[in-house]
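# have a look; sequence and predicted model below, questions after that.
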Amino acid sequence: MKKPETPPLFENLIGRVDPSKLMEIMNLRHEKPVFSDYLHWDQLRRYSPPPNFTSEEWWLAVKMPRMGAFKKIPLMGHDQKPFQFCVPELVIEKLHQIDCGSGATISIPAQITNPQTRDQYLIRSLMEEAITSSQLEGAATTREVAKELIRTGRQPRDKDERMIFNNFAAKQRIMELRNTPLSEDMVFEIHRLVTDQTLQNPNAAGRFRNSDERITIGNQEGDIFHDPPPASELPARLKLMCDFANGASPGYFIHPVIRAIILHFWLAYDHPFVDGNGRTARALFYWAILRNGYWLFEFISISTVLRKSAVKYGLSFLYTETDDNDLTYFIVAQTKVIVEAIQKLHDYINEKTLELNELETHLRGLDLFNHRQVDLIRHALKHPFQHYAIESHKMSHNIAYETARTDLLGLHSRGVLELRKKGRQTLFLVPKGLEKQIRKLGKEADKFVVGSD
């Protein structure tokens, strides 16, 4: 990744423009691609400007309406000027999609309201975020190994596994802290969680970097992209960040999603720790978004999307820092990521629902189960922790005890239910991998039919 070219200074551009041409320049705001996206100078200069205009004049047309809409926040840049942002139409559109797709008024997917399937989707999301957030920071563990690590709860074997294990724990803790105001101690606690046993100096966990621990961000060629603020400023800057996160500043309304995105940027910009800043920043984003009622983010992984567009993620930081501390670049990029992450969750739920519906249809076509057994399997697929008893099955279908017993034992013999004794009572439990077992039985039945021909 190369550092984007810094835009020409607005003051220099406006000073060179012929006043008689200024109105024509202002009218260029209607030309594409000026408002098809929130373009940085480094992007805009690669396009051919409109006839009779230079690229610099076109950039001036882009900057003027932005500058009139900027709002400032308490985060200060290297130039001792505050960071600022505006809310262009494409952000308003994304915010609306986020509100409709993850806020308090959305139609709640049944799989998430069902307490017996909810945890499956929650654990999946926690695993996805833990894995991909670690991969963004260089962890090389395979997804299969990472999932096995989390599911079994075994101790991590190396630093990469430890990063994933830590991220999983941190996201769980964030959900517990969602109603707690952000404080310095909470930020340190989250940092300790994400960096536990992964730092060269274990004492660096949960504390600011020292003045002799200089951190810069750059590429392998030696180009420095970001030089964070000096260690001496970090306590005051963190206090300002917590006030901002808790809504104490600034003195005007900021959409909760934008506030969460800015919090993500803020910690990453200040880089207060020797390592683990990106993971901590993303964890704080989740704290902020959950705190403001966007409950579906328990089930959403933004890092899954960020990992696939890591260069764009990095550029959104650089665009902001190289163009008048304009946070809008980062806000635009992150709202796109969030919308895509929400859509991925809905797509996954729809896909799983379709799979279950197809499986149920296939069940009805199999000559393996009677209609009562099919009804029970359908229920079991949607309630994976359900217990079934002979008496309850008898009552549900108004059948004789022996008929109910035969139904359940028949399901047990085919591996569809597990049999357990609880005192004198016989219980039938839904086994892990019920879907796979049903598909296996279906394939065996199909082979038998083909063989009979």
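Received the coordinates, thanks.
# contact partners for residue 175?
286, 290, 298 (CB atoms under 8 Å, 6 or more residues apart in numbering). For every residue, glycine as well, the C-beta is placed using N, CA and C.
# could you identify the helix or strand that succeeds the helix or strand encompassing it?
Following DSSP states H and E, one finds residue 175 within helix 159-176. Next in sequence after helix 159-176, counting helices and strands by DSSP H and E, comes helix 184-195.
# who touches that following helix?
Identification of contacts with helix 184-195 by CB under 8 Å, 6+ apart yields 163, 166-167, 169-170, 173-174, 177, 180, 204-207, 235, 238-239, 242, 267, 272-273, 275-276, 279-280, 283-284, 287.
# now with 7 Å?
With CB atoms under 7 Å, 6 or more residues apart in numbering as the test, helix 184-195 has contacts from 166-167, 169-170, 173, 177, 180, 205-207, 238, 242, 273, 275-276, 279-280, 283-284.
# cool, and stretch 131-141?
Contact with stretch 131-141 is made by 143, 146, 160-161, 163-164, 167, 278-279, 282, 301, 303-304, 306-307, 310, as judged by CB under 7 Å, 6+ apart.
# next: stretch 265-280.
Residues contacting stretch 265-280 (CB under 7 Å, 6+ apart): 75, 133, 136-137, 167, 190-191, 194-195, 199, 204, 208-209, 213, 215, 228-229, 234, 237-238, 241, 281, 284, 317, 327, 330.
# select only the buried ones of those residues in ChimeraX?
Selection of buried members from those for ChimeraX, criterion 16 or more other CB atoms under 10 Å:
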select :75,133,136,137,167,190,191,194,195,204,208,209,228,229,234,237,238,241,281,284,317,327,330
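# next step: the contacts of stretch 265-280 restricted to helices.
Under the assignment DSSP state H, the contacts of stretch 265-280 contribute 133, 136, 167, 190-191, 194-195, 234, 237-238, 241, 281, 284, 317, 330 to helices.
# so which strand or helix has residue 243?
helix 234-245.
# following that helix, which helix or strand comes up?
Following helix 234-245 in sequence order, the next helix or strand is helix 256-270 (DSSP H and E).
# quick one: that next one to helix 184-195, angle?
Compare the direction of helix 256-270 with that of helix 184-195 by axes from the mean of the first three to the mean of the last three CA atoms, to 10 degrees and you get 70 degrees.
# show me how far helix 256-270 is from its chain's centre.
Chain-centre distance of helix 256-270: 14 Å, with CA atoms, centre = their mean, to the nearest Å.
# then it to PDB, C-alphas only?
These are the backbone C-alpha positions of helix 256-270, laid out as PDB (Å, rounded to 0.1, in the frame of the first residue of the first chain):
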ATOM      1  CA  PRO A 256     -24.800   6.600  17.400                       C
ATOM      2  CA  VAL A 257     -23.300   4.600  14.500                       C
ATOM      3  CA  ILE A 258     -21.100   7.600  13.500                       C
ATOM      4  CA  ARG A 259     -20.000   8.000  17.100                       C
ATOM      5  CA  ALA A 260     -19.100   4.300  17.300                       C
ATOM      6  CA  ILE A 261     -17.100   4.600  14.100                       C
ATOM      7  CA  ILE A 262     -15.300   7.700  15.300                       C
ATOM      8  CA  LEU A 263     -14.400   5.900  18.600                       C
ATOM      9  CA  HIS A 264     -12.900   3.100  16.500                       C
ATOM     10  CA  PHE A 265     -10.800   5.600  14.600                       C
ATOM     11  CA  TRP A 266      -9.900   7.600  17.700                       C
ATOM     12  CA  LEU A 267      -8.200   4.800  19.600                       C
ATOM     13  CA  ALA A 268      -6.500   3.500  16.500                       C
ATOM     14  CA  TYR A 269      -5.200   7.100  15.700                       C
ATOM     15  CA  ASP A 270      -3.800   7.700  19.300                       C
END
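# buried residues in that helix?
Buried residues in helix 256-270, counting neighbours by 16+ other CB under 10 Å, are found at 256-270.
# ditto for stretch 64-75
Within stretch 64-75, the residues that count as buried by 16+ other CB under 10 Å are 64, 66, 70, 73-75.
# and which of the residues you listed is nearest to residue 98?
residue 73 (20.1 Å; CB to CB).
# and the closest one, helix, strand or coil?
For residue 73, the assignment made with DSSP: H, G, I helix; E, B strand; the rest coil gives strand.
# ok, it - contacts?
With CB under 7 Å, 6+ apart, residue 73 has these contacts: 82-84, 244, 250, 262.
# taking these, tell me the two that lie furthest apart.
84 and 244 (13.5 Å).
# show the pLDDT at the spatially closest residue to residue 213 that is not a sequence neighbour.
Spatially, and ignoring its direct neighbours in sequence, residue 213 is nearest to residue 274 (5.2 Å; CB to CB, 6 or more residues apart in numbering). Confidence at residue 274, expressed as pLDDT, is 96.
# now residue 274: how far from residue 146?
Between residue 274 and residue 146 the distance is 24 Å, computed by CB to CB, to the nearest Å.
# neighbour count: those two, which is higher?
residue 146 (26 against 21; other CB atoms under 10 Å).
# touching, that one and residue 165? I think so.
No: using CB atoms under 7 Å, residue 146 makes no contact with residue 165, being 8.9 Å away.
# how near is the residue nearest to the spatial centre of the chain to residue 40?
The centroid of the chain falls nearest to residue 302 when counting by CA atoms, centre = their mean (1.9 Å). As judged by CB to CB, residue 302 and residue 40 stand 22 Å apart.
# before we move on, which element is residue 420 in?
strand 418-422.
# and the contacts of that strand?
412, 426-429, 431.
# out of the buried residues of stretch 64-75, what pair is the most spread apart?
The largest separation in the buried residues of stretch 64-75, counting by CB to CB, is between 64 and 74 at 25.4 Å.
# other residues contacting the helix holding residue 243?
Contacts of helix 234-245 (CB under 7 Å, 6+ apart): 73-74, 182-184, 187, 208, 229, 249, 263, 266-267, 270, 272, 288.
# wait, is residue 443 part of a strand?
No: read with three-state DSSP, residue 443 is helix and lies in no strand.
# ok, it - contacts?
Per CB under 7 Å, 6+ apart, neighbours of residue 443: none.
# residue 411 versus that one, what's the distance?
18 Å.
# the helix holding residue 175 vs helix 184-195, what angle?
Using the same axes, to 10 degrees: helix 159-176 against helix 184-195 is 150 degrees.
# next one: helix 159-176 to chain centre, how far?
The answer for helix 159-176 is 14 Å, by CA atoms, centre = their mean.
# tabulate the CA atom coordinates of stretch 359-376 in CSV.
Listed in CSV are the C-alpha atoms of stretch 359-376, where the atom choice follows Å, rounded to 0.1, in the frame of the first residue of the first chain:
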residue,chain,number,x,y,z
LEU,A,359,-34.4,-31.0,4.6
GLU,A,360,-37.9,-31.0,5.9
THR,A,361,-39.3,-31.4,2.4
HIS,A,362,-36.8,-34.3,1.8
LEU,A,363,-37.9,-35.9,5.1
ARG,A,364,-41.5,-36.0,4.0
GLY,A,365,-40.5,-37.8,0.8
LEU,A,366,-38.5,-40.5,2.6
ASP,A,367,-40.2,-43.7,3.4
LEU,A,368,-38.3,-44.0,6.6
PHE,A,369,-40.5,-42.2,9.2
ASN,A,370,-44.2,-41.9,9.9
HIS,A,371,-45.9,-38.5,10.0
ARG,A,372,-45.5,-38.2,13.8
GLN,A,373,-41.7,-38.9,13.6
VAL,A,374,-41.4,-36.4,10.8
ASP,A,375,-43.1,-33.7,13.0
LEU,A,376,-40.8,-34.5,15.9
